[in-house]
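*Asks:* Okay, here's the prediction I keep looking at, along with the sequence it came from:
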Amino acid sequence: MGAQLKNSKLKAPVPPRWRQEVERILITDAQLARRVKSLAREIEKDFLGREMVVVSLLSGTVMFLADLIRHLNLPMRMDFMGVSSYGLGTESGDLVFTKELRLDVKGRDVLLVDDILDTGKTMTRVLAKLQLLEPRRIKTCVLLDKPAHRQFDIEADFVGFEIPDFFVVGYGLDFAERYRNLPFVGVLHPHVYKEAIKRVL
Ligand code: IMP
Ligand code: MG
């Protein structure tokens, strides 16, 4: 299970540049750094020094992945799969694979990494696709878990943080490809996505 977010009285202020769009900071950069490091320890213990193939889903995992793998003291290779969900606004829509794996994972220990487990559709579809390649085993790792929104029967093996049902951005997570560069995980002001959805309807 992921770390629970404590309701800290000392709320980190949203930097002035982002105040119009980001309602509040849910996870600070310091909390992220600490948890990602301890997550790497958990993964190391599970892989027992065996070489792994890290399969990471584009593009939401970029910051998390960069931080996670620098703490993984294991032999590893790394590859990416491109998965896009063409939904409207904050709802997940149909999945389209935009980049296929290049490394052969047959007989290998795979660590599948994604940014957030929401309905579970992405993880379920990707796992089914990976299983066809006959890896020795697949373990799953997500930075964030939003259990309130689950529609598929799936849990991740390693979870950074369990979060409430908010639409979050930052630390790699986007809304319409924006806000990936924020160093924290923040809750987007609903007016941002409501206006964006109005524009396309
Ligand atoms: P799922 O397929 O519904 O589990 O959703 C997984 C994908 O939806 C993730 O890889 C994210 O790209 C996206 N997603 C789900 N919830 C959020 C969120 O709160 N913020 C940003 N992206 C999200
Ligand atoms: Mg996304």
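*Replies:* The structure has been received and is ready for your questions. Ligands and ions are numbered 1, 2, ... in the order given.
*Asks:* Going by C-alpha atoms from here, please, whenever you check contacts or count neighbours.
*Replies:* Fine.
*Asks:* Report the strands that pair with the strand or helix carrying I138, each with its relative direction.
*Replies:* In this assignment (DSSP states H and E), I138 forms part of strand 137-145. Neighbouring strands of strand 137-145 in its sheet, by DSSP bridges, are strand 109-117 (parallel), strand 158-162 (parallel).
*Asks:* And for the longest helix along the chain, what's in contact with it?
*Replies:* Assignment by DSSP state H gives helix 29-47 as the longest helix of the chain. Residues outside helix 29-47 that contact it (C-alpha atoms under 8 Å, 6 or more residues apart in numbering): 3, 64, 67-69, 71-74, 158-160, 183-185.
*Asks:* mind redoing it with 7 Å?
*Replies:* Residues outside helix 29-47 that contact it (C-alpha atoms under 7 Å, 6 or more residues apart in numbering) are L68, H71, L72, L74, G160, P183, F184.
*Asks:* Among the residues you listed, which are located in strands?
*Replies:* When DSSP state E defines the strands, the subset of those inside them is G160.
*Asks:* Give the bridge partners for L111, please.
*Replies:* Applying DSSP bridges to L111 gives these bridge partners: V54, K139.
*Asks:* check contacts around the residue nearest to the spatial centre of the chain.
*Replies:* What sits nearest the mean C-alpha location of the chain, by C-alpha atoms, centre = their mean, is D115, with 0.6 Å. If you count contacts by C-alpha under 7 Å, 6+ apart, D115 has them with G60, T61, V142, L143, L144, L173.
*Asks:* how near is it to ligand 1?
*Replies:* 5 Å (C-alpha to the nearest ligand atom, to the nearest Å).
*Asks:* What does the pLDDT read for that residue?
*Replies:* For D115, the pLDDT comes out at 98.
*Asks:* Same question for T122.
*Replies:* 96.
*Asks:* State the three-state secondary structure for it.
*Replies:* helix (DSSP: H, G, I helix; E, B strand; the rest coil).
*Asks:* which ones are touching R136?
*Replies:* K106, G107, R108, D109.
*Asks:* Tally up the residues packed near the first one, please.
*Replies:* Think K106. Using other C-alpha atoms under 10 Å, K106 has 15 other residues around it.
*Asks:* The third one too?
*Replies:* For R108, the count of nearby residues is 17 (other C-alpha under 10 Å).
*Asks:* Show me what from the chain comes close to ligand 1.
*Replies:* 60, 92, 114-122, 166-169, 173-175 (C-alpha under 6 Å from any ligand atom).
*Asks:* ok, residues contacting stretch 138-154?
*Replies:* Outside stretch 138-154, the residues that reach it (C-alpha under 7 Å, 6+ apart) are 109-121, 156-165.
*Asks:* now the residues you listed: which count as buried?
*Replies:* Buried members of the contacts of stretch 138-154, counted by 16 or more other C-alpha atoms under 10 Å: 109-121, 156, 158-164.
*Asks:* What residues of the lengthiest strand in the chain count as buried?
*Replies:* Longest strand in the chain by number of residues, with DSSP E as the criterion: strand 76-86. Judged by neighbour count using 16+ other C-alpha under 10 Å, the buried positions of strand 76-86 are M76, F80, M81, V83, S84.
*Asks:* How far away from the center of its chain is the helix or strand following it?
*Replies:* Sequence-wise, the next helix or strand downstream of strand 76-86 (DSSP H and E) is strand 94-99. Taking C-alpha atoms, centre = their mean, to the nearest Å, one finds strand 94-99 lying 16 Å from the centre of the chain it belongs to.
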